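Engineer: what would the 3D arrangement of this be:
(2 chains)
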Amino acid sequence: DAGVIQSPRHEVTEMGQEVTLRCKPISGHNSLFWYRQTMMRGLELLIYFNNNVPIDDSGMPEDRFSAKMPNASFSTLKIQPSEPRDSAVYFCASSSLRGREGEKLFFGSGTQLSVL
Amino acid sequence: GQSLEQPSEVTAVEGAIVQINCTYQTSGFYGLSWYQQHDGGAPTFLSYNALDGLEETGRFSSFLSRSDSYGYLLLQELQMKDSASYFCAVRDRGTYKYIFGTGTRLKVLA
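Structural biologist: Got it, this is the predicted structure:
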């Protein structure tokens, strides 16, 4: 398996523009998590899905952020409009959440977002 | 809510043993996990404690005490490549949210 695949690896955009981050989880995993990482706030859970259904989005900072998972193999995180304070590394992770092996999260390489 | 606290930074020399602590406040969770993250990389899974006690995986060991709301990661025979950030994490039993600790940056000196 290729692991969790995220795109793009780097995104530089101007304030006010729409940004879309993409994630393909590991095949067979039924849970998907979006995290944001900054020096100040560490690894923050933004939203997670179970069987393509959003379970908890309490970590989404504001209405400018939205996430979708139209099928088991694809998810997007969208920021519209983007602001400089959104600059961070965004990680997607997946897990089977079944048994002991299910406690392990597999992370993608992340998207480094810079909003100018 | 949940919170997992870790020391921000630990420094040790090659060949030494270092312990990274994690104290937590959470109402209930499945187990305590540990992740390693090198600069510019993604977190990668190291170990998982479902039950109290010590789990050993090569040079790394992890410990959990639910009664003390405490766990630690023990790294033995430190190598330069162990320089990284280490995170503890739990999955909440009620919400299934997977929460990470504040992270500890380990510096291994020659």
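
Engineer: CA atoms for contacts and neighbours, from now on please.
Structural biologist: Will do.

Engineer: hey, what's the residue nearest the centre of chain A bridged with?
Structural biologist: Centroid-nearest residue in chain A, with Cα atoms, centre = their mean: residue A:34, separated by 3.0 Å. Beta-bridge pairing of residue A:34 under DSSP bridges involves residue A:47, residue A:92.

Engineer: and it, what pLDDT?
Structural biologist: If you check residue A:34, the pLDDT there is 98.

Engineer: ok, the one 4 residues further on next?
Structural biologist: In the predicted model, residue A:38 carries a pLDDT score of 95.

Engineer: for the spatially closest residue to it that is not a sequence neighbour, grab the count of nearby residues.
Structural biologist: Sequence neighbours aside, residue A:88 is the residue nearest to residue A:38 in space, at 5.5 Å (criterion: Cα to Cα, 6 or more residues apart in numbering or on different chains). Using other Cα atoms under 10 Å in any protein chain shown, the number of residues around residue A:88 comes to 17.

Engineer: how far away is the closest residue to chain B within chain A from residue A:115?
Structural biologist: At 5.5 Å from chain B, residue A:109 is the closest residue in chain A, using Cα to the nearest Cα. Counting by Cα to Cα, to the nearest Å, the gap from residue A:109 to residue A:115 is 19 Å.

Engineer: okay, now residue B:58: neighbour count?
Structural biologist: Neighbour count of residue B:58, defined by other Cα under 10 Å: 8.

Engineer: all strands of chain A, in order?
Structural biologist: For chain A, the strands defined by DSSP state E occupy A:5-7, A:10-13, A:19-24, A:31-38, A:42-50, A:53-56, A:65-71, A:74-79, A:88-95, A:106-107, A:111-115.

Engineer: my bad, chain B
Structural biologist: Here chain B has its strands, by DSSP E, at B:3-5, B:9-13, B:18-25, B:29-37, B:44-49, B:53-57, B:60-65, B:70-75, B:84-92, B:98-100, B:104-109.

Engineer: same for the third one, what does it pack against?
Structural biologist: Spelled out, it's strand B:18-25. Helices and strands touching strand B:18-25, by 3 or more Cα pairs under 8 Å, 6 or more residues apart in numbering or on different chains; DSSP states H and E, are strand B:3-5, strand B:70-75.

Engineer: give the closest residue to the residue of chain B found nearest chain A in space, chain neighbours not counted.
Structural biologist: Going by Cα to the nearest Cα, chain A is nearest to residue B:42 of chain B, at 5.5 Å. Using Cα to Cα, 6+ apart and skipping the chain neighbours, the partner closest in space to residue B:42 is residue A:109 (5.5 Å).

Engineer: rewinding a little: so the residue nearest to the centre of chain A versus residue B:49, what's the distance?
Structural biologist: According to Cα to Cα, residue A:34 and residue B:49 sit 24 Å apart.

Engineer: same question for residue A:11.
Structural biologist: Residue A:11 is 37 Å from residue B:49, by Cα to Cα.

Engineer: more crowded one of these two?
Structural biologist: residue B:49 (23 against 16).

Engineer: check the more buried one and give its pLDDT.
Structural biologist: 93.

Engineer: can I assume it is in contact with residue B:62?
Structural biologist: Yes. Here residue B:49 reaches residue B:62: they are 7.1 Å apart, a contact under Cα atoms under 8 Å.
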